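**Q** any chance you could fold what I've pasted below:
(one chain, ligands or ions: 2)
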Amino acid sequence: MFHGPAGRVPGMTNVPDITLNNGVRIPQLGFGVYQVPPEDTKEAVLTALEFGYRHIDTAEMYGNEQGVGEAVRASGVPREDVFVTSKLNNGFHAPADARKAFDRTLADLGMDYLDLFLIHWPLPKVGDFAETWKALEEIAATDRVRAIGVSNFQAHHLQRLLDETGTVPAVNQIEIHPYLVQDELRSFGAAHGIATEAWSPIAQGRVLGDPVITAIAERVGRTPAQVTLRWHLQRGDIVFPKSVTRARVEENFALFDFSLTQPDMDALTALNRDLRTGPDPDDFNWIP
Ligand SMILES: NC(=O)C1=CN([C@@H]2O[C@H](COP(=O)(O)OP(=O)(O)OC[C@H]3O[C@@H](n4cnc5c(N)ncnc54)[C@H](OP(=O)(O)O)[C@@H]3O)[C@@H](O)[C@H]2O)C=CC1
Ligand SMILES: O=C(O)C(=O)[C@@H](O)[C@H](O)C(=O)CO
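**A** Ligands and ions are numbered 1, 2, ... in the order given. Next up, the predicted model:
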């Protein structure tokens with residue numbers, strides 16, 4: 001049974017929910033596990049659950065779904081209180097493969113349903129992501145997933161799904177941080193009821209030494225990571241910073257007792273330099 005740190009009541013969090021386009025609610029702040037080694041994942045996710053995170057972002061590609069499932073079970077937090085996202089790996093875009101991959105993800109997590117399942121990358125030169133999406137629509141018609149969405153889709157990829165399929169993705173998970181603010185793609189999503197999730201929200205640490213961010217952090221008495229994560233939240237995006245460092249896991253969750261002024265929000269947004277730290281979705285066709 002899970003015992004939280006002194007003074008913390010397990011299950012009580014102050015994270016707001018975002019309501020997705022099918023009515024499902026997702027905690028706006030979660031915990032990401034990309035690059036968390038499989039053998040460390042149970043411990044990392046247990047730490048996050050202990051501090052109050054109730055949303056975990058994993059993927060078949062990360063090789064650590066098993067550890068996520070083990071942590072949720074060991075935490076004592078009821079399964080229905082944790083929002084779990086996973087993603088279809090790049091080698092399984094053919095519809096029959098996608099259905100099997102989804103079954104494998106549930107088996108590896110040791111769960112009988114997933115909260116959110118995403119196409120991880122559009123892979124424009126591999127198969128046809130609209131056909132893959134139809135396979136996810138079939139899965140969504142069962143009670144084994146609460147919402148489906150996509151990741152790394154550009155507006156023209158989303159437009160194809162809108163034109164050719166019957167389900168509007170609940171989310172689009174894309175790289176966003178102060179050096180890559182993606183306002184056009186975010187607006188496209190908002191106009192069509194697609195919530196935006198921001199991956200690498202602190203650009204894996206690259207933005208934390210920026211003098212604009214450090215100056216604001218110093219003035220408001222917070223860390224650069226907290227200021228950056230707060231910027232995402234005030235923009236309305238969903239975030240899930242990753243850390244295997246206990247103090248940072250706690251720090252990244254302490255975002256709800258301060259706010260940024262509009263000039264500070266604008267100053268972070270003005271740092272945009274359209275800098276991708278990850279692959280360009282239009283050119284990325286990698287199969288692990
Ligand atoms: N859909 C997609 O294609 C992608 C999705 N993602 C998702 O987004 C999540 C977050 O993105 P990710 O790429 O992991 O990068 P993040 O922007 O969350 O940064 C993680 C890095 O920053 C460090 N860090 C975390 N918190 C702090 C802090 N408070 N102060 C200083 N350093 C800190 C971590 O170090 P340490 O762990 O050593 O503490 C780690 O090196 C992923 O885990 C994954 O779930 C990510 C990439 C692509
Ligand atoms: O972390 C993810 O979710 C990713 O998709 C990335 O790792 C991406 O595939 C990549 O950076 C590969 O080099």
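
**Q** phi, psi for Asp112 please.
**A** phi -100, psi 0 (degrees, to the nearest 10).

**Q** again, but for the one 4 residues further on
**A** Dihedral angles of Leu116 (phi, psi; degrees, to the nearest 10) stand at phi -150, psi 130.

**Q** swap in Leu118?
**A** Reported as degrees, to the nearest 10, the phi and psi values for Leu118 are phi -120, psi 150.

**Q** now do the one 10 residues further on
**A** Recorded main-chain torsions at Asp128 are phi -140, psi 110, according to degrees, to the nearest 10.

**Q** contacts only, for the spatially closest residue to it that is not a sequence neighbour.
**A** The shortest distance from Asp128 to any non-neighbouring residue, by C-beta to C-beta, 6 or more residues apart in numbering, is to His93 (7.7 Å). C-beta: built from backbone N, CA, C; applies to glycine. Counting by C-beta atoms under 8 Å, 6 or more residues apart in numbering, His93 makes contact with 119, 123, 126-129, 131-132.

**Q** now His93: how far from Arg79?
**A** Look at His93 and Arg79: by C-beta to C-beta, to the nearest Å, they are 29 Å apart.

**Q** return the list of helices and strands in contact with the strand or helix carrying Ser86.
**A** Ser86 belongs to strand 83-88 when assigned by DSSP states H and E. Strand 83-88 is packed against strand 55-57, helix 65-75, helix 95-109, strand 114-119, with contacts defined by 3 or more C-beta pairs under 8 Å, 6 or more residues apart in numbering; DSSP states H and E.

**Q** between the third one and strand 114-119, how big is the angle?
**A** Counting by axes from the mean of the first three to the mean of the last three C-alpha atoms, to 10 degrees, helix 95-109 points 140 degrees away from the direction of strand 114-119.

**Q** got the buried residues for helix 95-109?
**A** If you call a residue buried by 16 or more other C-beta atoms under 10 Å, then helix 95-109 has these buried ones: 95, 97-98, 101-102, 105-106, 108-109.

**Q** could you list the contact residues of the stretch 151-288 of the chain toward ligand 1?
**A** For the stretch 151-288 of the chain, the residues in contact with ligand 1 (C-beta under 6 Å from any ligand atom) are 151-152, 173, 199-205, 208, 223, 225, 240-245, 248, 251-252, 278.

**Q** so which of the residues you listed belong to helices?
**A** Residues of these located in helices (DSSP state H): 225, 248, 251.

**Q** the second one: what's its closest spatial neighbour, skipping adjacent residues?
**A** Think Arg248. Leaving aside its sequence neighbours, Arg248 sits nearest to Ala225 (C-beta to C-beta, 6+ apart; 7.2 Å).

**Q** list the contacts for that neighbour?
**A** Ala225 is in contact with 202, 208, 241, 248, 251-252, counting by C-beta under 8 Å, 6+ apart.

**Q** ok, Phe83 next?
**A** Listed by C-beta under 8 Å, 6+ apart, the contact partners of Phe83 are 26-27, 30, 54-56, 115-116.

**Q** who wins for neighbours among those?
**A** Sorting these by how many neighbours each has (other C-beta atoms under 10 Å) puts Ile56 first, at 28 neighbours.

**Q** mind listing what that one touches?
**A** Going by C-beta under 8 Å, 6+ apart, Ile56 touches 30-31, 33, 45, 48, 68, 72, 82-85, 240.

**Q** what's the answer for Ala267, then?
**A** Contacts for Ala267 were tallied using C-beta under 8 Å, 6+ apart; they are 212, 216.

**Q** show me what stretch 126-137 is in contact with.
**A** Outside stretch 126-137, the residues that touch it by C-beta under 8 Å, 6+ apart are 88, 90, 93-96, 98-99, 102, 117, 119, 122-123, 148, 150, 153, 157, 160-161, 164-167, 169, 285, 287.

**Q** list only buried entries from these.
**A** Buried members of the contacts of stretch 126-137, scored by 16+ other C-beta under 10 Å, are 88, 90, 93-95, 98, 102, 117, 119, 122-123, 148, 150, 153, 157, 161, 165, 167, 169.
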